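A.B. asks: Sequence first, predicted model second:
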Amino acid sequence: MPSSLDNQPFFSSSQPDTVASQSIDERLVQAQVEQQMLKEQIAQQTQLLHLLTHQLATPLTALGGSLPLLAENNLDAAHREEFLDVVQQQVYRLKHLLHDLMALRNLETGALETQAVSLCLPSLLEAVVKDFHTNQVIFQLSPDLPLVRGDRWQVSQVLVNLLSNALKYSPAGSPIEVGAAVQDFNWVEVWVRDRGLGIPAADQPHLFERFYRVHHRDRADIKGTGLGLSLCQLLVENQGGQLRFESTHGEGSCFFFTLPIATAP
């Protein structure tokens, strides 16, 4: 009698083996991709931790040196005032660092609530500038500015950071220009321009990296966390806009960002 196997293809058993082999190969490739992604994440977290440790070390060292001196009974009033000023500056620096880190974390995790509303840019710009108590700012606002749409607090934070940098890196009394104009039918462009130190060409590609600070002798005594611009970039993108800059070392910088025009309800 013919065998039940006589009508079966001779190589029929190889098809499941091939499929299984392909499946194993795909899983291996996927595992390698996931392993590489994990390595990159660990490297990024390690670098972030290293940079954060460096940022914390300076103010903590200053506080550690000043506080014991303040406890000395024979410290005269002038030196006591000097050390108190150091303590206040470093506490402010730590608070600013913590504020920026929390804002970055909340943006990335989606925990930062965005309440987009129609904003009057001239009123918002004037309110932000007023808090700086400076007469260095010159407004260059188009008279026909429409309402824009964005989160008032987030847009204000962008302006505060950009204006703080402009004042920080400019000579005392040097004019700072704050302007806005319609870019096209859908966007308004806002800018903050200074005539200060400017950014060396070699540093410009890294400007929005976290904790990145320009190391040049012309700004050796200027303090900062290196988080402000990366935070600004995320905040602007959170409004749907873009942040860019133009700068020439020794001549100043101009930072531009866009906001969508508010549409009629």
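C.D. replies: All right, it came through fine.

A.B. asks: rest of the way, CA atoms for contacts and neighbours
C.D. replies: Fine.

A.B. asks: Would you list the strands that the strand ranked longest in the chain pairs with, along with their directions?
C.D. replies: Determined from DSSP state E, the single longest strand within the chain is strand 252-260. With DSSP bridges as the test, strand 252-260 is paired with strand 187-193 (antiparallel), strand 243-248 (antiparallel).

A.B. asks: Mind checking what helix or strand follows the first one in sequence?
C.D. replies: Put plainly, it is strand 187-193. Downstream of strand 187-193, the next assigned helix or strand under DSSP states H and E is helix 228-238.

A.B. asks: so that following helix versus strand 252-260, what angle?
C.D. replies: 20 degrees (axes from the mean of the first three to the mean of the last three C-alpha atoms, to 10 degrees).

A.B. asks: How far off centre is helix 228-238?
C.D. replies: 5 Å (C-alpha atoms, centre = their mean, to the nearest Å).

A.B. asks: what distance separates the longest strand of the chain from the centre of its chain?
C.D. replies: Counting by C-alpha atoms, centre = their mean, strand 252-260 is centred 14 Å from the centre of its parent chain.

A.B. asks: contact partners of that strand?
C.D. replies: If you take C-alpha atoms under 8 Å, 6 or more residues apart in numbering as the criterion, strand 252-260 is touched by 148-150, 162, 166, 170, 186-199, 236, 239-247.

A.B. asks: out of those residues, which are buried?
C.D. replies: Those of those that meet the buried threshold are 148-150, 162, 166, 170, 187-199, 236, 239, 241-243, 247, by 16 or more other C-alpha atoms under 10 Å.

A.B. asks: Stretch 106-116: end-to-end distance?
C.D. replies: With C-alpha to C-alpha, to the nearest Å applied, stretch 106-116 spans 17 Å between its terminal residues.

A.B. asks: For it, list every residue counted as buried.
C.D. replies: 107, 114.

A.B. asks: what about residue 128, distance to residue 30?
C.D. replies: Distance from residue 128 to residue 30, by C-alpha to C-alpha: 50 Å.
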